[in-house]
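J.: when you get a sec, could you give me coordinates for this:
(one chain, ligands or ions: 1)
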Amino acid sequence: MMTYPELKGKVAIVTGASLGIGSAIATALGEQGCTVAVNYRKHADEAESLTASIVKAGGKAKAYQCDVGDPAQVQAMVEAVQKDFGALDILVNNAGINRDGVSWKMTDEQWSSVLNTNLHGCFHFIRAVGPVFRTQKSGKIVNMTSINGMRGKFGQSNYAASKAGIIGLTKAIARELGRSNVNVNAVAPGLIETAMIAAMPDEAKAQSLSETVLDRLGTPDEVASVVLFLCSDGARHVTGEVIKVDGGQYI
Ligand SMILES: NC(=O)c1ccc[n+]([C@@H]2O[C@H](COP(=O)([O-])OP(=O)(O)OC[C@H]3O[C@@H](n4cnc5c(N)ncnc54)[C@H](OP(=O)(O)O)[C@@H]3O)[C@@H](O)[C@H]2O)c1
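T.: Just a heads-up that it's a prediction; the model follows:
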């Protein structure tokens, strides 16, 4: 992993950090010397053990249970992080779920739970940190979208709509917060080996693998390294951008 000395001492919220990509992002930010607010909803043990490992490595971290889909919980978490650490510099909106099914069989619950967690959750956090970043005239926001929000995918109308929404949201917020010196970008992974894809049928995984020009699936670390770059000074003139991390799966 590259080293970014300017990240030392920054306070970062990572949503959905108990597992997979979020856990790798929180670890990577911790390694750079950031104080990490580890958000989770269900996996308390994983969030606590991640927090302990960041602290053991010499960093600062605390776990916060909060459902990103609940605006009141999100507001309370953002206030708690500021109270606990006295600052807030980076928001990584990573929490996400999928509830796949063809549109003609999709239930209201499948549709709204995915939209509420993936898209509304992102918005709730952006709205909560906006006043802080505007006042201090600095901040970094990185939103986790997906190549399936760019190209659509059979059986993922809810997920693709939520991830396409995140791209529009990213661009609108980049415009709104640009004059406050806030960079707002999105990362679009292809298939990455995490719990989210563990339930995928083998043929679907093989199909995705056959689409990648690098001929392999990605790892959470490979997504985290791009998130780090977007939070660094090296990306200070990058905003409103969507960077794919997909091994060429969607070219
Ligand atoms: N894996 C891939 O191939 C892939 C590809 C493209 C994009 N992505 C995106 O990358 C992000 C991370 O995916 P992943 O593969 O790492 O997924 P994962 O292993 O299933 O982890 C999802 C994380 O989101 C958290 N989460 C879910 N609902 C939440 C809620 N309502 N409030 C707070 N936290 C919540 C989970 O926490 P708890 O379990 O503790 O509730 C968990 O930490 C997602 O946005 C996903 O859409 C993944």
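J.: so the closest residue to Ile126 other than its chain neighbours, which state does it fall into?
T.: For Ile126, ignoring the flanking residues on the chain, the nearest one in space by C-beta to C-beta, 6 or more residues apart in numbering is Ile173 at 5.6 Å. All C-beta spots, glycine's among them, are computed from the backbone N, C-alpha and C. At Ile173 the chain is in helix, as set by DSSP: H, G, I helix; E, B strand; the rest coil.
J.: what's the neighbour count on Glu241?
T.: A count of nearby residues for Glu241, using other C-beta atoms under 10 Å, gives 15.
J.: could you pull out the helices for the stretch 101-250 of the chain?
T.: For the stretch 101-250 of the chain, applying DSSP state H, counting those that start in this stretch gives helices covering 108-114, 121-136, 148-151, 157-177, 195-198, 202-211, 220-231.
J.: flag every buried residue along the third one.
T.: Taking 16 or more other C-beta atoms under 10 Å as the basis for neighbour counts, the residues of helix 148-151 that come out buried are Asn148, Gly149, Met150.
J.: nearest to the ligand among those?
T.: Checking those against the ligand by C-beta to the nearest ligand atom gives Asn148 as the nearest, at 6.9 Å.
J.: could you measure from Asp70 over to the ligand?
T.: 8 Å (C-beta to the nearest ligand atom, to the nearest Å).
J.: since we're on the nearest residue to that residue once chain neighbours are set aside, how many residues are nearby?
T.: In space, and not counting its chain neighbours, Asp70 is closest to His124: 7.6 Å by C-beta to C-beta, 6+ apart. By other C-beta under 10 Å, the residues close to His124 number 25.
J.: rewinding a little: distance to the ligand and pLDDT added to the buried residues of helix 148-151, as JSON lines?
T.: Formatted as JSON lines, the buried residues of helix 148-151 follow (distance: C-beta to the nearest ligand atom, whole Å; pLDDT from 0 to 100):
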{"residue": "Asn148", "distance to the ligand": "7", "pLDDT": "98"}
{"residue": "Gly149", "distance to the ligand": "8", "pLDDT": "98"}
{"residue": "Met150", "distance to the ligand": "11", "pLDDT": "98"}
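J.: could you dump those residues into a markdown table and include distance to Gly234?
T.: What follows is the buried residues of helix 148-151, written out as a markdown table (distance: C-beta to C-beta, whole Å):
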| residue | distance to Gly234 |
| --- | --- |
| Asn148 | 28 |
| Gly149 | 25 |
| Met150 | 24 |
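J.: list the contacts for Pro71?
T.: For Pro71, the contacting residues are His124, Arg127, by C-beta atoms under 8 Å, 6 or more residues apart in numbering.
J.: how near is it to the ligand?
T.: For Pro71 relative to the ligand (C-beta to the nearest ligand atom), the value is 12 Å.
J.: again with Asn183
T.: 19 Å.
J.: likewise Gly248?
T.: Taken as C-beta to the nearest ligand atom, the span from Gly248 to the ligand is 14 Å.
J.: over to Lys10?
T.: Distance, Lys10 to the ligand, using C-beta to the nearest ligand atom: 21 Å.
J.: quick check: closest non-adjacent residue to that residue.
T.: Nearest in space to Lys10, with sequence neighbours left out and distances taken as C-beta to C-beta, 6+ apart, is Asp89 at 4.1 Å.
J.: my read: the one you found touches Gly139, true?
T.: Yes - between Asp89 and Gly139 a contact is recorded at 6.3 Å, counting by C-beta atoms under 8 Å.
J.: quick one: buried residues of stretch 41-55?
T.: Buried, per 16+ other C-beta under 10 Å, within stretch 41-55: Arg41, His43, Glu46, Ala47, Glu48, Leu50, Thr51, Ile54.
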